[in-house]
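>>> Below are the sequence and a predicted model for it; my questions follow.
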Amino acid sequence: MTGTPTSLLTVFSDLDGTLLDHDTYSWEAAKPAIELLASREIPLVLASSKTAAEMSVIQSEMGISHWPALVENGAGVTDGTSGDLDRSEYDTILKRLTAVPAVLRAKFTGFGQMTDREVADITGLGLEKASKARLRAFSEPGLWAGTDEELNTFGEALAEQGISMRRGGRFLTLSFGRTKADGMRDIVEKLGATMTLALGDAPNDAEMLDTADFGVIIRNDHAPEMPALRGLQTGKITKTTKSGPEGWNQAVLEFVERYDSRKAP
């Protein structure tokens, strides 16, 4: 982690549907807030299901490669580069997966079993982006073709191997159980942040929003309904009326002007 913040505030943000537009994947509408964070040297830590290879491209475009990032839904933390990434954790997941009964294992098709073209067809990504999405280091997403009962049995077999599974809108993801909230705590400690703001739009952001000092749910009419978070009752978590990067921009600008009056010595 090469960045040295002068602000006591650190901002954590989901990408798709939050900082990136749901349809265009553009972050143009959020540029004013991103530039304000940069001018005050406030860390902007991206937190996404994307791999380090995917994330490093986005960080470079935003000019925030000097800050860490949470990749693969928090299963790993990177420093903004994708070179020489340790993939031993991913290899261990695949190895332990072979210990699961074959009849259950056959119901799961992970990214490691797919070609770039197959991942591109499933996700809608271009071939180059699909290739980067397959460069896993901390988790294995895939498609489940069995019943819910078989899925429960599969989960029990994985748990015996120390592997957790999490079901998203399309993919079933296997990992060692780390979440965005876990990664956020690690980064907060390393950066010495005393105030955190988290922004997200979907249920897989809930733990991060609840863990942060303040959270913002970005409106996304395409996302699954967010669970009832306790912070909504206390005012610790708010919601935007605008969606995507437009809502993100407004929320961050207002928050920074209100709360980032203190600077690190």
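That came in fine, so what should we check first?
>>> can you pull the pLDDT of the spatially most central residue of the chain?
With distances taken as CA atoms, centre = their mean, the residue of the chain nearest its centroid is residue 48 (2.0 Å). You'll see residue 48 listed with a pLDDT of 92.
>>> surely it meets residue 15?
Yes. Using CB atoms under 8 Å, residue 48 is in contact with residue 15, at 4.2 Å. C-beta: built from backbone N, CA, C; applies to glycine.
>>> Which of the helices or strands spans the residue lying closest to residue 132 once chain neighbours are set aside?
Among residues not flanking residue 132 along the chain, residue 53 sits closest, at 4.0 Å (CB to CB, 6 or more residues apart in numbering). Element membership for residue 53 (DSSP states H and E) is helix 52-62.
>>> tell me how far that helix is from the chain's mean position?
13 Å (CA atoms, centre = their mean, to the nearest Å).
>>> let's have the chain start at 44 instead
Got it, the first residue is 44 from now on, which makes the last one we talked about helix 95-105.
>>> Show me which positions of that helix end up buried.
Under the neighbour-count criterion of 16 or more other CB atoms under 10 Å, helix 95-105 has 95, 96, 97, 98, 99, 101, 102, 105 buried.
>>> just stretch 69-85 next, same as before
Buried residues in stretch 69-85 (16+ other CB under 10 Å): 70, 72, 73, 76, 77, 79, 80, 85.
>>> Now, those that are in helices?
Judged by DSSP state H, the buried residues of stretch 69-85 include 76, 77, 79, 80 as members of helices.
>>> if I look at the residue nearest to the centre of the chain, how far off is residue 211?
Going from residue 91 to residue 211 by CB to CB, to the nearest Å gives 12 Å.
>>> Am I right that residue 89 is in a helix?
No. In this structure, residue 89 is strand, not part of a helix, as judged by DSSP: H, G, I helix; E, B strand; the rest coil.
>>> Would you confirm that it contacts residue 108?
No. Between residue 89 and residue 108 there is no contact under CB under 8 Å: 10.5 Å.
>>> joint contacts of those two?
Common contacts of residue 89 and residue 108, defined by CB atoms under 8 Å, 6 or more residues apart in numbering, comprise residue 102.
>>> more crowded one of the two?
residue 89 (25 against 18; other CB atoms under 10 Å).
>>> ok, what's across the strand from that one?
Beta-bridge pairing of residue 89 under DSSP bridges involves residue 56.
>>> what's near enough to touch it?
56, 58, 62, 98, 101, 102, 107, 112, 113.
>>> Pick the one among the residues you listed closest to residue 192.
residue 113 (33.0 Å; CB to CB).
>>> what are the ranges of the helices in the stretch 144-293 of the chain?
145-148, 159-166, 170-176, 191-203, 223-234, 249-254, 273-277, 287-302 (DSSP state H, counting those that start in this stretch).
>>> Which of those helices sits closest to residue 267?
Across these, closest to residue 267 is helix 249-254 (CB to CB), at 10.7 Å.
>>> who are the neighbours of that closest one, in terms of helices and strands?
With contacts taken as 3 or more CB pairs under 8 Å, 6 or more residues apart in numbering; DSSP states H and E, helix 249-254 sits against helix 223-234, strand 238-243, strand 257-262, helix 273-277.
>>> picking up where we left off before, make CSV out of the helices of the stretch 144-293 of the chain and add distance to residue 217 and mean neighbour count.
Output for those, formatted as CSV (distance: least, CB to CB, whole Å; neighbours: other CB atoms under 10 Å):
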stretch, distance to residue 217, mean neighbour count
helix 145-148, 11, 13
helix 159-166, 16, 16
helix 170-176, 15, 18
helix 191-203, 7, 14
helix 223-234, 16, 18
helix 249-254, 18, 21
helix 273-277, 29, 12
helix 287-302, 29, 20
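>>> Indicate which one of these is closest to residue 66.
Closest to residue 66 of the helices of the stretch 144-293 of the chain is helix 287-302 (CB to CB; 8.6 Å).
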